[in-house]
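[1] Generate coordinates for the sequence data below:
(one chain, ligands or ions: 2)
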Amino acid sequence: RRICLSVICYIVNTLFISLVLKGVIPTAMQYHGRLALLWHDVIVERVLDTLTRTSRPQAVQRKAAVVDPQSVITAIDHFCKHREWAMNVGEEKGAVWIKCSFKIKSNQIYLYSPSVLELVARLLPPGVSVITLEFNPDYSDTARQVIRWSGLEEKVQQVEGASGTWIPRLKEHFGAQVFDLVFLDHWKDRYLPDTKLLKECGLIQKGTVMLADNVICPGTPDYLHYYRSHLEYTKAENVLGKSVFLGY
Ligand SMILES: C[S@@+](CC[C@H](N)C(=O)[O-])C[C@H]1O[C@@H](n2cnc3c(N)ncnc32)[C@H](O)[C@@H]1O
Ligand SMILES: [Mg+2]
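    Numbers count the residues shown, from 1 in each chain. Ligands and ions are numbered 1, 2, ... in the order given. Now for the predicted structure:
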């Protein structure tokens, strides 16, 4: 009976991956952010977690070379694009992040959540480090493994804990100075309170680059509202966007 069950699971799994994951539904979902999130992050992930036993780190580890951050990034992006979607920043926005990080000369970079981006730490000049926060112990553990394979333990300081608890401790614990770059990519309702907390703690100042992911989908209305202005000569809300052209 166990063999029979395994065969059925294998067939359902193969059909599910080839027909559904790579077929019509994902193509339709590509263009609607909220539906795409519901489909990939809620429905597919739960079904796959039940059907397959291979964890994402194992799958990526098979494809990536040790102490080669670029091969780890490529393996993660390939896996998440072609096999299982994940809420990484991805290659398109990752390239923007890299351009911004090139401007960092001296201080630290503060990132939310262990991620592909920590691997970008390989590009940073000596003396620049990354502090990264993740409150989910499983994800934090995965990140630790990925950072270790990539040989970047020296550059990345990883904290397992919630942003609200840890931001006030960063100066004392890590000797953190004012950050040159802050990357926000955690739960969207924390962007604004954490930005205020960073300011209160003297960790950001005029000139700090705030890079915030997903401000439209799922969306961070209160965070955008914080930078609000008005439609000229009226009280109607509007935002004046400041962009740095990165050469695209
Ligand atoms: C979108 S994912 C981060 C993806 C990552 N930046 C990347 O590019 O691969 C958001 C992560 O933030 C973590 N998180 C959410 N709110 C947090 C908080 N207040 N403090 C610490 N971690 C948080 C979640 O557990 C989740 O793993
Ligand atoms: Mg994101």
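[2] interface residues of the chain facing ligand 2?
    With CB under 5 Å from the ion as the criterion, the chain meets ligand 2 at residues 185, 213-214. Backbone N, C-alpha and C define where each C-beta goes, glycine included.
[3] now the strands: where do they sit in the chain?
    Ranges of strands within the chain are 108-112, 130-134, 156-160, 179-184, 209-212, 229-230, 237-238, based on DSSP state E.
[4] orientation of the fourth one relative to strand 130-134 in degrees?
    This means strand 179-184. Relative orientation of strand 179-184 and strand 130-134, computed by axes from the mean of the first three to the mean of the last three CA atoms, to 10 degrees: 30 degrees.
[5] cool, and the third one?
    For strand 156-160 against strand 130-134, the angle between stretch directions is 20 degrees (the same axes, to 10 degrees).
[6] So is strand 156-160 next to ligand 1?
    No: Strand 156-160 lies apart from ligand 1 when judged by CB under 6 Å from any ligand atom; the minimum separation is 8.3 Å.
[7] same deal with stretch 84-102?
    Yes: interface with ligand 1: stretch 84-102 contributes 87-89 (CB under 6 Å from any ligand atom).
[8] Repeat that for stretch 187-200.
    Yes: counting by CB under 6 Å from any ligand atom, ligand 1 is contacted by stretch 187-200 at 187, 190.
[9] Relative to the whole chain's centre, how far out is that stretch?
    16 Å (CA atoms, centre = their mean, to the nearest Å).
[10] just stretch 140-156 next, same as before
    That offset, for stretch 140-156, works out to 15 Å (CA atoms, centre = their mean).
[11] Let me know the average pLDDT across it.
    Confidence for stretch 140-156, expressed as mean pLDDT, is 85.
[12] repeat for stretch 63-70
    Mean pLDDT, stretch 63-70: 72.
[13] Single out the residue in the protein that lies closest to ligand 2.
    Residue nearest to ligand 2 within the chain (CB to the ion): Asp213, separated by 3.7 Å.
[14] Mind pulling up the pLDDT for the closest residue to that residue other than its chain neighbours?
    Nearest in space to Asp213, with sequence neighbours left out and distances taken as CB to CB, 6 or more residues apart in numbering, is Asp185 at 4.2 Å. The model reports Asp185 with a pLDDT of 91.
[15] roughly how far apart are Asp185 and His82?
    22 Å (CB to CB, to the nearest Å).
[16] isn't Asp68 right next to Ala75, touching?
    No: applying CB atoms under 8 Å, one finds Asp68 not in contact with Ala75, separated by 9.8 Å.
[17] The residues of the chain next to ligand 2 also near ligand 1: which ones?
    By CB under 6 Å from any ligand atom, the members of the residues of the chain next to ligand 2 lying near ligand 1 are Asp185.
[18] could the residues of stretch 84-102 next to ligand 1 go into JSON lines alongside neighbour count?
    Output for these, formatted as JSON lines (neighbours: other CB atoms under 10 Å):
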{"residue": "Met87", "neighbour count": "15"}
{"residue": "Asn88", "neighbour count": "20"}
{"residue": "Val89", "neighbour count": "22"}
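[19] Let's have these in TSV, adding pLDDT.
    Shown next, in TSV, are the residues of stretch 84-102 next to ligand 1 (pLDDT from 0 to 100):
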residue	pLDDT
Met87	84
Asn88	84
Val89	83
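[20] Kindly reformat those as TSV containing distance to Lys99.
    Listed next are the residues of stretch 84-102 next to ligand 1 as TSV, based on distance: CB to CB, whole Å:
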residue	distance to Lys99
Met87	22
Asn88	18
Val89	13
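[21] Would you map the helices across this structure?
    For the chain, applying DSSP state H gives helices covering 2-15, 24-29, 33-37, 45-51, 56-63, 69-82, 90-101, 137-149, 163-166, 170-174, 191-200, 221-226.
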